[in-house]
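Undergrad: Model the structure of this input:
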Amino acid sequence: MFLTQLFSWHACLQTSSILRRFGGQATSKAPRCCWSNCLKRISVPCGKYFSTKTVLGIETSCDDTGAAVLDERGNILGEALHSQNTVHLKTGGIVPVVAQQLHQENIARIVQQALSASGVSMEELSAIATTVKPGIGLSLEVGLAYSLQLLKKYKKPFIPIHHMEAHALTIRLIHPIEFPFLVLLLSGGHCILAVAQGISDFLLLGQTLDTAPGDVLDKLAQRLYLRKHPECSDLSGGQAIEHMAQQGNRLRYEFTSPMERHFNCNFSFSGLQSQVVRAIEQEEKAEGLQEGQLLSCVSDLAAAIQHTLTIHITRRTHRAILFCKEKGLLPQNKATLVVSGGVASNQYIRKALQMVGDTTGTTLLCPPPRLCTDNGVMIAWNGVEKLHAGLGILHNVENMRYETKAPLGIDISEHVKEASIRVPTLKLTI
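TA: Modelled structure (predicted):
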């Protein structure tokens, strides 16, 4: 009887692992319940039970309320997400007070949904992992406050999570890649190039000096009134730009790529935004449009915006790869570039980065789109990795605070600047 139960348990583990490797989710009730029942039924002569560690992840750094439960093997046992996108589309952007209120209204429900789907109770959890930095203060406050209530009630260990570290390491949930690897994080709040050397061990090569690519795309989409376009009414700004760009001629407008004379890995997008706004104003004047009316050339502008932004991103990334290989920070052969964050879902940018990878002999890896945006899965997975490594596990959280700004790793951007690496011109044939 014992052997029969053991084989049944082993089969459940294999099924869950296979689902995860091929992009599926181990969230269906049948495999999870079978696994859970096997764990409860199987006993060894000494009377102890087989068990698996599980982590609850909670994410509220910006405008999405996310929660997920993962086990130590990386199986997604349950997850839930509440998006505020529809609300913020109406307000023309994220309003922190509104985001806070929506987090407060939904966090208990989202956490309970993730737990219910997982079949794991609060008492059975091994730890709670929550985003505490960086992000919007009012949003972070909600997630941390709710987590502290759970910790006080259930006496669980706490694992504070750096939001950008979680984005960077999400790929290890999908692909069993080893350290070190290069990470490019593209989102509405960040644009970062860093070398991931280990769990919570990063070298910062460069970051945006002003605004982030996602923020620029959102603001330009708003300035172009793309929400009034029938094909873009329910799309975010970045999604709207990408959609319209597919129909446009990027050669109609020529915008200057930022920082071409700066041989480092930092980014700047505010100059591009200013160029585009001037072009929009000129075209509106030429067409005699009133405020809020759509330009006839909107698709061409979107294509030019996307292309110029992509050129800037790819050239800095190309330089980062060359620098890392020159300094021995990445292996000469089989180096890996991981791209994550909300803007990483843009297929034009992905194709361009694939060309950089092909040119430099670097493998490009991206999490699936649903794991590129903010979610509870990446937070729980980062908690699992830290639990395995024994890093950042707290049993006393009395002085825990959130941080709206937090650097990622050790800043070596000055060394990149000193290397002054020239990047060969790469023609993007997309």
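Undergrad: where's the residue lying closest to residue 103 once chain neighbours are set aside relative to residue 273, distance?
TA: Nearest residue to residue 103, sequence neighbours excluded (CB to CB, 6 or more residues apart in numbering): residue 142, at 4.0 Å. For the C-beta atoms, the positions are set from N, CA and C on the backbone; glycine is no exception. Distance of residue 142 to residue 273, computed by CB to CB, to the nearest Å: 30 Å.
Undergrad: ok so, going back, pretty sure the residue nearest to residue 103 is in a helix, no?
TA: Yes. Read with DSSP: H, G, I helix; E, B strand; the rest coil, residue 142 is one of the residues of a helix.
Undergrad: Send me stretch 389-397 as CSV with only the CA atoms.
TA: Extracted C-alpha coordinates of stretch 389-397, given in CSV (Å, rounded to 0.1, in the frame of the first residue of the first chain):
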residue,chain,number,x,y,z
ALA,A,389,19.2,30.1,-0.3
GLY,A,390,18.4,31.2,3.3
LEU,A,391,18.5,34.8,2.3
GLY,A,392,16.4,37.7,3.7
ILE,A,393,14.1,35.6,5.8
LEU,A,394,12.7,37.6,8.7
HIS,A,395,11.0,36.4,11.9
ASN,A,396,10.8,39.9,13.4
VAL,A,397,9.0,42.5,11.3
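Undergrad: That one: which residues count as buried?
TA: For stretch 389-397, a neighbour-count test (16 or more other CB atoms under 10 Å) marks 392, 393, 397 as buried.
Undergrad: Same check on stretch 150-162?
TA: The neighbour-count check on stretch 150-162 (16+ other CB under 10 Å) flags 150, 151, 156, 157, 158, 159, 160, 161, 162 as buried.
Undergrad: how long is it from one end to the other?
TA: 20 Å (CA to CA, to the nearest Å).
Undergrad: where's that stretch relative to the chain centroid, distance-wise?
TA: Mean-position distance between stretch 150-162 and its chain equals 23 Å (CA atoms, centre = their mean, to the nearest Å).
Undergrad: Please enumerate residues in contact with that stretch?
TA: 55, 57, 111, 122-123, 125-134, 147, 200, 379, 382-383, 386-387, 392-395, 397, 400, 406, 408 (CB atoms under 8 Å, 6 or more residues apart in numbering).
Undergrad: residues touching the residue nearest to the spatial centre of the chain, list them.
TA: When CA atoms, centre = their mean is applied to the chain, the residue found nearest the centroid is residue 341 (3.2 Å). Contact analysis of residue 341 by CB under 8 Å, 6+ apart lists 167, 185, 186, 187, 190, 214, 372.
Undergrad: cool, residue 262 as well?
TA: Contacts of residue 262 (CB under 8 Å, 6+ apart): residue 417.
Undergrad: start the count at 19, not 1, going forward
TA: Sure, I'll start counting at 19 from here, so that last one is residue 280.
Undergrad: if I look at it, how far off is residue 428?
TA: From residue 280 to residue 428 the distance is 21 Å (CB to CB).
Undergrad: And residue 370, by the same measure?
TA: 28 Å.
Undergrad: Neighbour count for those two, which is higher?
TA: Taking neighbours as other CB atoms under 10 Å, residue 370 and residue 428 compare with residue 370 leading, 23 against 12.
Undergrad: Okay, now the unreliable bits of the stretch 219-368 of the chain?
TA: For the stretch 219-368 of the chain, no stretch has pLDDT under 70.
Undergrad: Tell me where it has strands.
TA: In the stretch 219-368 of the chain, the strands defined using DSSP state E, counting those that start in this stretch lie at 219-225, 353-358.
Undergrad: List the strands paired with the first one, with their directions.
TA: Put plainly, it is strand 219-225. With DSSP bridges as the test, strand 219-225 is paired with strand 209-216 (antiparallel), strand 428-429 (parallel).
Undergrad: Give the buried residues for that strand.
TA: Within strand 219-225, the residues scored as buried using 16+ other CB under 10 Å are 220, 221, 222, 223, 224, 225.
Undergrad: Quick check: closest non-adjacent residue to the last one.
TA: Just to be clear, that refers to residue 225. Going by CB to CB, 6+ apart, residue 225 has residue 210 as its nearest residue, at 4.8 Å.
Undergrad: I'd like the distance between residue 178 and residue 224.
TA: 25 Å.
Undergrad: One more: residue 88?
TA: 31 Å.
Undergrad: Figure out which of the strands of the stretch 219-368 of the chain is closest to residue 255.
TA: Residue 255 lies closest, by CB to CB, to one member of the strands of the stretch 219-368 of the chain: strand 353-358, at 19.2 Å.
Undergrad: then the closest one to PDB, C-alphas only?
TA: Taking C-alpha atoms only, strand 353-358 is exported to PDB below (Å, rounded to 0.1, in the frame of the first residue of the first chain):
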ATOM      1  CA  ALA A 353      25.900  34.000 -22.600                       C
ATOM      2  CA  THR A 354      22.300  34.800 -21.800                       C
ATOM      3  CA  LEU A 355      20.200  38.000 -22.000                       C
ATOM      4  CA  VAL A 356      17.000  38.000 -20.000                       C
ATOM      5  CA  VAL A 357      14.400  40.600 -20.900                       C
ATOM      6  CA  SER A 358      11.500  41.200 -18.500                       C
END
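Undergrad: Can you list the strands that it pairs with?
TA: strand 199-204 (parallel), strand 380-383 (parallel).
Undergrad: ok, residues contacting that strand?
TA: Counting by CB under 8 Å, 6+ apart, 185-186, 188-189, 195, 199-204, 214, 335, 339, 342-343, 348, 367-368, 371, 374-375, 378-385, 389-390 sit against strand 353-358.
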